[in-house]
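**Student:** any chance you can model this:
(2 chains)
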Amino acid sequence: MITMKRLKIVALTAVLGILALVVRVNAQDPAEGEQIFKNNCAACHNTNAETLVGPGLQGVSQRRPIDWIVKWVHNPQAVIASGDKYANDLYNKFNKAQMTPYPGYSEAQIKSVVAYIDAQAAPATPQAGAAPAGGTQAAPAAGASNGGMMEYILVALLLVMVLVLVALLSIVTTLSKLASVDPESEAAQNVPFLQRLAENGKKLAGNNAFKTGAALLITLLIGKATIDAAYGVGIHQGYAPEQPIQFSHKLHAGQYQINCNYCHTGVYKGKGANVPSANICMNCHNAIKRESPEIQKIYRAIEKDEPIQWVRVHNLPDLAYFNHSQHTNVGGLECKNCHGEIEKMEVVEQRSSLTMGWCIDCHRKTDVNAKGNAYYDKLVEIHNKDHKEPLKVQNIGGLECSKCHY
Amino acid sequence: MFTIKTKGFLVAGAVAIAMSSCRDTHNNPGTEFAPNMYHSVAYEPMTQSEGDTNTINPHGMNMRLPVKGTVARRYYPANLSDSVKRALLQEDLTARLVPSDSIAMSEAILKNPFTATPENIEAGKLQYERFCQHCHGEAGKGDGLVGKMYKGVPVYSSDALKDVNDGHIYHTITYGKGRMWAHGSQITPENRWKIVLYVHELQKQ
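**Tutor:** Numbering: from 1, shown residues only, chains lettered A, B, ... in the order given. From the prediction side, this is the model:
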């Protein structure tokens, strides 16, 4: 009995399997169609009704007979030339842009592609490129530190002061407790904690050592503020001005990984890195996010032929010469060595201090990238004769005044 | 409870702390000691100094568009004994005669001045990564992060594109094709030709 049942099940499964196989062979293979479509058609056609470069292909098998489609794919020019009305209308509608002919594909393959398109249309597929939610305007951390070493010393001093304060307070509390009332007595227990604290505070205020300490602390704080302010003169570190268009480097350089050089065209070949002109924005924004009010500002600037007045963030003093290509192309530095993690900044901020000390520091530490550059061969040879350290930027004039100030 | 002296100290301290903590708003570059040493008096290409903007050019710009048809000569050698440089100059001048809508003409007459040496292909790859990859993808499959948003980016190895020649690719970079816009303003002719070499590598993949 059991074996019979099992046999039946096996037979049924086998029959079903063969049936499925037959059906699969007979029908066009949407999987193959998908492969062909993605490789060849997807650049210009959507599988939905939306126009890309050419018309959206949703329902194409209902619009045109399959023979026509095959003929068209094999040689669109011939179909247009034959005077076919539909083909000519299409040709004119798309500004006489001709579709690339694909004579290499067999009828079966083209049918597979059509089958794939129909299969895509069955479950509604909204393919509109939903714009990612614009990130929140993360305000860059304001308040740059300038003191460096000074800062640490002051913080340490502050800590010591606080410790002394705590010690003093506890001593005063203990002493006053012992002196005034018996801790076990009723009166001591009944005095509320806050009142006790206030009393102790008053006593503390009268304490000479405390007064001296407080005065010293305040003097130090004033001193630090003064020194900080003096050191901060002419240093724009942390400067993150609002720009005329809310361009996000985090989105472009971070999320979409567009290379810096794509927009800053001069960075490997010129003194300045260049702020891109509007035509570079338009390479993408002729199609992407056209409705955004920020993007509309670009369109307006182009229509009126006006420059977009970006606010300069990094400004090296005019008294110092700096050349980007020297550092990026010759020295092989990364942009982020000086500009920080731009790809994470919603609003660009000056991260480095750009002081002379900062420049010199790097020139002292950095090895010259002499590999594969015959210009340096002789220099390296001479340098290695009487130095153990590798050739640094300072050894080839990186500390000379007139290298940058002239 | 405090003496006047102590109070004075406390107030001064509070004022000092308040002043130092509110000094930097992110829109303010801070104090400049000698602004005329920071901002160039001479015109710089992209200067934006308040007050005395350029009064000669429109919109106070310091840069002007070159005259139409200007040929930049700075990347070409003074003497043309270097055969590669000579060919580069020749191809660039020829390419300027090709109308922007005539890709067939570029296909027919332009030839890459660089040969497909490993160094040149490597240089082309570097330029490809900087200017093309975000749309065309690492392997030229049209699947770059931007390309997915932009749509309509072709696959280099597709049947329509796997055999396109030097001139075709050069023309496409320079003037654009289909949905792609012109990139001639961003990439020097030399680098365009090197990108062409690398695109040929990707066509084979």
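
**Student:** for the chain, what are the low-confidence residue spans?
**Tutor:** Chain wasn't specified; assuming chain A. Scanning chain A for pLDDT under 70 picks out A:1-27, A:123-148, A:180-190.

**Student:** please go with chain B instead
**Tutor:** In chain B, residues with pLDDT under 70: B:1-10, B:12-25, B:48-53, B:74-80.

**Student:** swap in 50 and give it another go.
**Tutor:** Counting by pLDDT under 50, chain B contains low-confidence ranges at B:1, B:23.

**Student:** do a quick rundown of the strands in it.
**Tutor:** Read by DSSP state E, chain B holds no strands at all.

**Student:** quick one, what contacts the residue nearest the centre of chain A?
**Tutor:** Closest residue to the average C-alpha location of chain A: A:G254 at 2.1 Å, with CA atoms, centre = their mean. Applying CB atoms under 8 Å, 6 or more residues apart in numbering or on different chains, we find A:G254 in contact with A:E343, A:K344. For every residue, glycine as well, the C-beta is placed using N, CA and C.

**Student:** domain assignment for chain A?
**Tutor:** A:2-121, A:149-231, A:355-406 (automatic domain parsing).

**Student:** and among those domains, the most buried is which?
**Tutor:** Most buried of the domains of chain A, by mean neighbour count (mean count of other CB atoms under 10 Å in any protein chain shown): domain A:2-121, with a mean of 15.

**Student:** now look at that domain and say if it contacts chain B.
**Tutor:** Yes. Interface with chain B: domain A:2-121 contributes A:38-40, A:42-44, A:46, A:52-53, A:97, A:100, A:102, A:104-105 (CB under 8 Å from any CB of the partner chain).

**Student:** OK, contacts around the residue in the stretch 1-150 of chain A positioned nearest to chain B?
**Tutor:** Closest approach between the stretch 1-150 of chain A and chain B, counting by CB to the nearest CB: A:A43, at 3.6 Å. Going by CB under 8 Å, 6+ apart, A:A43 touches A:V53, B:G142, B:G152, B:V153, B:P154, B:V155, B:S158, B:G178.

**Student:** so A:T328 is in contact with A:N337, correct?
**Tutor:** No. At 9.4 Å, A:T328 does not count as touching A:N337 under the criterion of CB atoms under 8 Å.

**Student:** looking at those two, which is more packed in?
**Tutor:** Ranked by neighbour count (other CB atoms under 10 Å in any protein chain shown), A:T328 and A:N337 place A:T328 first, with 22 against 14.

**Student:** the more buried one belongs to a helix?
**Tutor:** Yes. Assessed by DSSP: H, G, I helix; E, B strand; the rest coil, A:T328 belongs to a helix.

**Student:** list the contacts of it.
**Tutor:** A:V267, A:Y268, A:C335.

**Student:** skipping adjacent residues, who's closest to B:N62 in space?
**Tutor:** Excluding its sequence neighbours, the residue lying closest to B:N62 (CB to CB, 6 or more residues apart in numbering or on different chains) is B:Y43, at 4.4 Å.

**Student:** before we move on, what about A:L316?
**Tutor:** In space, A:L316 is closest to A:F322, 5.0 Å off (CB to CB, 6+ apart).

**Student:** tell me, how many residues neighbour that neighbour?
**Tutor:** Count around A:F322 with other CB under 10 Å applied: 15.

**Student:** which strand or helix spans A:L197?
**Tutor:** For A:L197, the host element (DSSP states H and E) is helix A:193-205.

**Student:** list the helices and strands that helix packs on?
**Tutor:** helix A:149-180 (3 or more CB pairs under 8 Å, 6 or more residues apart in numbering or on different chains; DSSP states H and E).

**Student:** got the angle for the helix it packs on vs helix A:193-205?
**Tutor:** Here helix A:149-180 points in a direction 110 degrees away from that of helix A:193-205 (axes from the mean of the first three to the mean of the last three CA atoms, to 10 degrees).

**Student:** could you say what helices and strands helix A:149-180 packs with?
**Tutor:** Using 3+ CB pairs under 8 Å, 6+ apart, helix A:149-180 sits against helix A:193-205, helix A:208-231.

**Student:** please consider this matter closed, and thank you.
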